[in-house]
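Pasting a predicted model and its sequence here:
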Amino acid sequence: MSIINDKRSEEQLSIVVNGPFNYFTVELIKAQISSDIQELVLDLSTCDILDSEAAIFLYKWQSSGRKLELIQPPELLFKILHTLELEDSWNVTITNKND
Amino acid sequence: MDAHLQLNAQTQLIGPASAFAMQWAMNQGLSREESVLFATAVSELVTDIVLFAFPNNNSSTYDLKFRSTSTHIELIVSELGEPFDPDRYIYDPITAKNDHDFEGAGLKIMQSFCDDFVFINKGREGKEFRLVKELSLSTIDHLLLLTKTSPTSALDPEIEEYADIGEEVFDLQEVTVEDSEQIAKLIYRTYEYTYSKEEMYFPKKIEKTITRKNKFGVITRNKEGEAVGYFAIIKKEDSNIGEVGEAVVSPEYRRRGLMSEMLQKLIEIGKRSGLQGIFGKAVTHHPVSQKVNARYGFNTTALMLAETAMLKVKGLGENYPQHISLVIDYLPLQERKTRNVYLPEKYADILLQSYKQLSLSVDPNYRELEPGELAEKSAIDLVMNYSDATSLIVVDHYGRDFEHVLPQMVQSLEKRKKLATIYLDLPLENPATPSHFSILKDLGFIYSGLAPDFHHNSDFLRIQKTYIDLDFELIEIFSDFGKTIKKLVSNEYHQR
């Protein structure tokens, strides 16, 4: 599996994404999200390839007003957001594993 | 190393496809950062195919061919899914932000993360997508440090080839893998960064081609043992012939006839190695290479218009005001049996004259094939030269879909922003060629020439369609027969 459920509380879902983050991964994550989840914490520290399906999913989530925290996202995510001209409306908490 | 995958149209295979692409790209010499971008583009493409070409059929398959040259890596994805035209999906960031409509985002990423993105609509034969990344030349700097020699002026063949070798003794030997670094240094010292074959700066790449027997070369050393000249034949991948493709003589050793000596030795090596023939693509902005080829028995068989956008070599054609056209000069090296050839009537005379020039025996045949004798599908290959914006379409065999597929492919290529010339090779030993030639009439192709033994050890008729304005007065042809070809090509070019 390319995702591992790390932790779930009433409003928060934490997931580790291993390897590529793409359409298939997005569908797996969506299947984990119940209507009461308001905060998504994604550990991307071992994610090497990430495409526009992933970036758009994250963009939509954060622009819906729900919380998004990304742990060590790859530089590639910001390159995609820049290419798609979405970076100016991007407001996400970024953390390192050591934080 | 090239690779071929066939995948089911399933979303769970997107990740493995992109992971493979990343590892493969790194193995071909792309940096990790660039490999990540390539893999991301692959992820986008594969996603679009799975979701849009096969929306309801995940048991269908599509093909991924990973190809590598010394200067580019390329992924060719072919599929037979639902019709889909990427040109219609233009990403708009305003619509994306306001309406959360991200249509075209994947295509935008593919175009941004790759050096080229190609879409070829093959009609009933499906669609073909190509993602291309250039291999970087960053390691040339290391070579600079290694050589510690100032780059010198470039080759001037006008004064190189008509001199005697003189009294100095040179050692001419067949190239071995141990010579790779010396060859790369020689190229660098002579041309600095301007040699057109970028792979020649990389000893490892030279070594690889020699090891694979893709290259037969001659290296010349002076009495101190220093490499002062190099000349090589590159074996074609799809036929048993070689191209005289790489040549360099250190500036202080020019005007001594080294190039001629090396060519003579190369011809001997080619013959001994069993090559059916060798050819050279000689430039036409000056006639020197053609003269050298003619001296060694080569005959001009074709004129390829606007084949090269520019010559990078210093001193050679910097001020030439148009794309450079090339001639194909061919030299058969082995005896061959009389071949049955099926010649389109329009070019039968000139083709037979070409065979006569080469002393190749053929039995012309004009029988037309009935449609019922054709395969259902055509087999057509497309080779793209991204640097020079040219494409070569090679027809392996005709199918009943040919009259639809070929125009679609040409139209797809014509949509590209940069397009100099399309060359089209038709198999002369295929009885269906004369009848299918008429299909090409409306596509605007004109004569290029004979491409002997060019694919699968068979002869091909090369025709061409150029999109570049050319002044034929500036195209210099040396041989009389080459001038005959030029006259025909020029007439057809101006009657378009």
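It's in. Not measured: the values here are computed from a predicted model.

Give me the distance between the residue minimising distance to the centre of chain B and B:Ile485.
The centroid of chain B falls nearest to B:Asn385 when counting by C-alpha atoms, centre = their mean (5.7 Å). Look at B:Asn385 and B:Ile485: by C-beta to C-beta, to the nearest Å, they are 22 Å apart. (Each C-beta comes from the backbone N, C-alpha and C, glycine too.)

buried set for the helix or strand encompassing B:Asp363?
Element membership for B:Asp363, per DSSP states H and E: strand B:362-365. For strand B:362-365, the neighbour count (16 or more other C-beta atoms under 10 Å in any protein chain shown) marks B:Val362 as buried.

Which elements pack onto it?
Packing partners of strand B:362-365 (3 or more C-beta pairs under 8 Å, 6 or more residues apart in numbering or on different chains; DSSP states H and E): strand B:339-342, helix B:348-358.

Break down chain A into its helices, ranges please.
Shown for chain A, the helices assigned by DSSP state H span residues A:23-32, A:52-63, A:75-83.

follow-up on the earlier one: other residues contacting the next helix or strand after the strand holding B:Asp363?
Where DSSP H and E defines the elements, the next helix or strand beyond strand B:362-365 is strand B:379-385. When contacts are defined by C-beta atoms under 8 Å, 6 or more residues apart in numbering or on different chains, strand B:379-385 is touched by residues B:74, B:118, B:120, B:122, B:125, B:128, B:130, B:132, B:390-397, B:399, B:405-406, B:409.

in its sheet, what does the strand holding B:Asp363 sit against?
Paired with strand B:362-365 in the same sheet, following DSSP bridges, are strand B:339-342 (parallel).

related to what we said a few turns ago, pipe the helices and strands packed on strand B:362-365 into a markdown table and attach distance to A:Asn18 per row.
Formatted as a markdown table, those follow (distance: least, C-beta to C-beta, whole Å):
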| stretch | distance to A:Asn18 |
| --- | --- |
| strand B:339-342 | 58 |
| helix B:348-358 | 61 |
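
how about TSV for those, with mean pLDDT and distance to B:Leu474 added?
Output for the helices and strands packed on strand B:362-365, formatted as TSV (pLDDT from 0 to 100; distance: least, C-beta to C-beta, whole Å):
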stretch	mean pLDDT	distance to B:Leu474
strand B:339-342	95	33
helix B:348-358	97	23
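
who wins for proximity to B:Leu263 among these?
Checking those against B:Leu263 by C-beta to C-beta gives helix B:348-358 as the closest, at 18.1 Å.

Sort out which residues of the closest one are buried, please.
B:Ile350, B:Leu351, B:Ser354, B:Tyr355, B:Gln357, B:Leu358.

Send over it as CSV, restricted to the C-alpha atoms.
The C-alpha coordinates for helix B:348-358 follow below in CSV (Å, rounded to 0.1, in the frame of the first residue of the first chain):
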residue,chain,number,x,y,z
ALA,B,348,11.2,5.1,-61.6
ASP,B,349,13.8,6.7,-63.9
ILE,B,350,15.7,8.6,-61.3
LEU,B,351,15.7,5.6,-58.9
LEU,B,352,17.0,3.3,-61.7
GLN,B,353,19.7,5.8,-62.4
SER,B,354,20.6,5.8,-58.7
TYR,B,355,20.9,2.0,-58.7
LYS,B,356,23.1,2.2,-61.8
GLN,B,357,25.3,4.8,-60.2
LEU,B,358,25.8,2.4,-57.2
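
Thanks again, I'm all set now.
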